[in-house]
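Participant: the following comprises the amino acid sequence and a computationally predicted model.
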Amino acid sequence: MDESLIIEINKRKFKIRHLFRISLAVSFCIHLVIAGPYFISKFGSASAEEDIVSGFELEHPEIELDIPPELIGGDSSPARVEKQEWAEGTKKDGPDPEEKEINTNRISGDGTDKDGYLFSFNGDSPPRAIVDFDLRRYYPEEARAANIKEYQVTVLVQIDEKGSLISANIASGKAPYGFNEQALKAVKRMRFSPGYKSGKRVKMAHYLPVTFTLE
């Protein structure tokens, strides 16, 4: 066989082998690109689930059962618990009081404050404030400069049977711009009519709202 022909045949074989290797490499890359994300998501999620599960520890609560001693071989029931007082003035050994027999004053007091002033919500009508002056005169200048249009302060007042103001204290907590101080000044200038209970004048403690407005 001619030597040049042999060389040509070998060149063609080499080209064919080279093209085959290239096609294999290209095919592998294509399969890797297509199938890679699937395997990554599958095995990645599985490992994540294993991490999550391993991060939790199941607690086994201890359950205590209140079993009567008769059921476990005992011959007596637990010690009897003494009945406590339902309200001040009742007897431990007496019968359980009916709902209509309970005097709410035994539980909540007689409806008065520490000074003996009846809280107005326990009376028939509360004390009434008589404001015969312009409350805007007591509007704090700082609040006016800050353009605060309205503010309310609650003052706890004690009014005696004659309608005289005995005391006044802030009941609504801290307030900005000096509203509390001005509210007390305004309340001390007010006049009051007394509160009534059962048709009689009584000394009362009353929560009085003082509303400041610029309009």
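Facilitator: Here it is on my side, so go on. Numbers count the residues shown, from 1 in each chain.

Participant: looking at the chain, which helix or strand does the model trust least?
Facilitator: Lowest by mean pLDDT, DSSP states H and E among the helices and strands of the chain is helix 104-108, with a mean of 45.

Participant: which helix or strand lies directly C-terminal to that helix?
Facilitator: strand 118-119 (DSSP states H and E).

Participant: and the chain, what are its domains?
Facilitator: If you go by automatic domain parsing, the domain ranges for the chain are 1-58, 111-213.

Participant: reformat those domains as CSV; add mean neighbour count.
Facilitator: From N, CA and C alone the C-beta is placed, and that goes for glycine too. Converted to CSV, the domains of the chain look like this (neighbours: other CB atoms under 10 Å):
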stretch, mean neighbour count
domain 1-58, 9
domain 111-213, 16
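
Participant: need the ones you listed in a markdown table with mean pLDDT, can you?
Facilitator: Formatted as a markdown table, these follow (pLDDT from 0 to 100):
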| stretch | mean pLDDT |
| --- | --- |
| domain 1-58 | 61 |
| domain 111-213 | 94 |
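
Participant: list the contacts of Arg144.
Facilitator: Leu214 (CB atoms under 8 Å, 6 or more residues apart in numbering).

Participant: in what helix or strand does it lie?
Facilitator: Using DSSP H and E, Arg144 falls within helix 141-145.

Participant: so Thr213 touches Arg136, yeah?
Facilitator: Yes. Using CB atoms under 8 Å, Thr213 is in contact with Arg136, at 7.4 Å.

Participant: start and end of stretch 145-155, how far apart?
Facilitator: 24 Å (CA to CA, to the nearest Å).

Participant: adjust the sequence numbering to begin at 528 for everything that follows.
Facilitator: Okay, using 528 as the starting number, the last item reads as stretch 672-682.

Participant: quick one, strands of this structure?
Facilitator: 645-646, 655-657, 677-686, 692-697, 718-720, 722-724, 727-729, 731-740 (DSSP state E).

Participant: does anything pack onto the third one? Which helices or strands?
Facilitator: Other elements packing on strand 677-686 under the criterion 3 or more CB pairs under 8 Å, 6 or more residues apart in numbering; DSSP states H and E are strand 692-697, helix 706-716, strand 731-740.

Participant: Tyr723: which of those is closest?
Facilitator: strand 731-740 (8.8 Å; CB to CB).

Participant: could you say what helices and strands that closest one packs with?
Facilitator: Using 3+ CB pairs under 8 Å, 6+ apart as the contact criterion, the elements in contact with strand 731-740 are strand 645-646, strand 677-686, helix 706-716.

Participant: the same query, at a cut-off of 6 Å, please.
Facilitator: strand 677-686 (3 or more CB pairs under 6 Å, 6 or more residues apart in numbering; DSSP states H and E).

Participant: hmm, who's touching the strand it packs on?
Facilitator: 644, 654, 693-696, 698-699, 702, 706-707, 710, 714, 719, 721, 731-740 (CB atoms under 6 Å, 6 or more residues apart in numbering).
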